[in-house]
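*Asks:* coords below, sequence missing:
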């Protein structure tokens, strides 16, 4: 299957570079030079993954991401010259699946794209074969067919990364997973220093679960995380 990638960036040189590498991997590529054009192409082209710059004219990347996440869970990778931790955390909090700072290694970007597509579009194959049925822990229920999480019957919307984290934790309640184990399972990539990514995702999951007191997801300082039985 040939996946379609949308590159939204106001720098033609960046778009040309990414297009060269993506097309070499046999991906179909569409381009947008501003946020408004990006939203139009998302509706028209239905991309399988979006690469999104932050500092774009007419509508910045954060605004575009907010619009995307209103009704679409397509994988989004932010590529931005803003490399401060606060910017990365903001992007992840708004629903981005990954964040890459400029300047970047194009080969790393391709690896992240491959990982994002594999993680998102292989959910059905991996989950159904491994579980075959609903995963239930206390009042939480994870449905591997619809990729939804419910708490006491109320549906909780998850990104692909959040889903994979909950799948890992709920399949092994009470077991402690290190940050490396969580990252490699949820992101489908080799672990590197990505504590902020994991921290933000766990924080978002707790917020969605109304888990301010860590009654569901427990942090074991210096060890990792577990889902309480």
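*Replies:* Alright, I've got the coordinates. Fair warning: this is a prediction, and the values are worked out from it, not measured in the lab.
*Asks:* For this structure, just list every one of the strands.
*Replies:* 4-8, 28-32, 49-52, 76-80, 98-101, 135-137, 140-143, 148-151, 154-156, 217-220, 224-227 (DSSP state E).
*Asks:* Please tell me I have it right and residue 180 contacts residue 191.
*Replies:* Yes. Shown here, residue 180 and residue 191 form a contact pair, counting by CB atoms under 8 Å, at 4.3 Å. For the C-beta atoms, the positions are set from N, CA and C on the backbone; glycine is no exception.
*Asks:* Return the distance of residue 133 relative to residue 143.
*Replies:* Taking CB to CB, to the nearest Å as the measure, residue 133 falls 9 Å from residue 143.
*Asks:* Mind checking which of these two has more residues around it?
*Replies:* residue 143 (15 against 9; other CB atoms under 10 Å).
*Asks:* how much space is there between the nearest residue to the more buried one once chain neighbours are set aside and residue 150?
*Replies:* The shortest distance from residue 143 to any non-neighbouring residue, by CB to CB, 6 or more residues apart in numbering, is to residue 134 (5.7 Å). Computed as CB to CB, the residue 134 to residue 150 distance reads 9 Å.
*Asks:* can you list residues touching both of these two?
*Replies:* 141, 143 (CB atoms under 8 Å, 6 or more residues apart in numbering).
*Asks:* The two: which is more packed in?
*Replies:* residue 150 (16 against 11).
*Asks:* Skipping adjacent residues, who's closest to the more buried one in space?
*Replies:* residue 141 (4.8 Å).
*Asks:* Likewise for residue 97?
*Replies:* residue 75 (4.8 Å).
*Asks:* wait, isn't the one you found in contact with residue 49?
*Replies:* Yes. Using CB under 8 Å, residue 75 makes contact with residue 49 at a distance of 4.6 Å.
*Asks:* Now for these two: what residues contact both?
*Replies:* Joint contacts of residue 75 and residue 49 (CB under 8 Å, 6+ apart) are 116, 117, 120.
*Asks:* Let's see if you can find the most crowded of those residues.
*Replies:* Neighbour tally across those (other CB under 10 Å): the maximum, 27 neighbours, falls on residue 116.
*Asks:* ok, that one to residue 39 distance?
*Replies:* Separation of residue 116 from residue 39 (CB to CB): 20 Å.
*Asks:* What is the end-to-end distance of stretch 136-146?
*Replies:* 15 Å (CA to CA, to the nearest Å).
*Asks:* The chain should start at 472 in everything you say after this.
*Replies:* New numbering, starting at 472: the last item is stretch 607-617.
*Asks:* Quick check: buried residues in that stretch?
*Replies:* Within stretch 607-617, the residues scored as buried using 16 or more other CB atoms under 10 Å are 608, 611, 612, 613, 615.
*Asks:* same check, this time on stretch 675-687
*Replies:* Buried residues in stretch 675-687, defined by neighbour count with 16+ other CB under 10 Å: 675, 676, 677, 680, 682, 687.
*Asks:* likewise stretch 562-578?
*Replies:* Residues of stretch 562-578 classed as buried by neighbour count (16+ other CB under 10 Å): 562, 563, 565, 566, 567, 568, 569, 570, 571.
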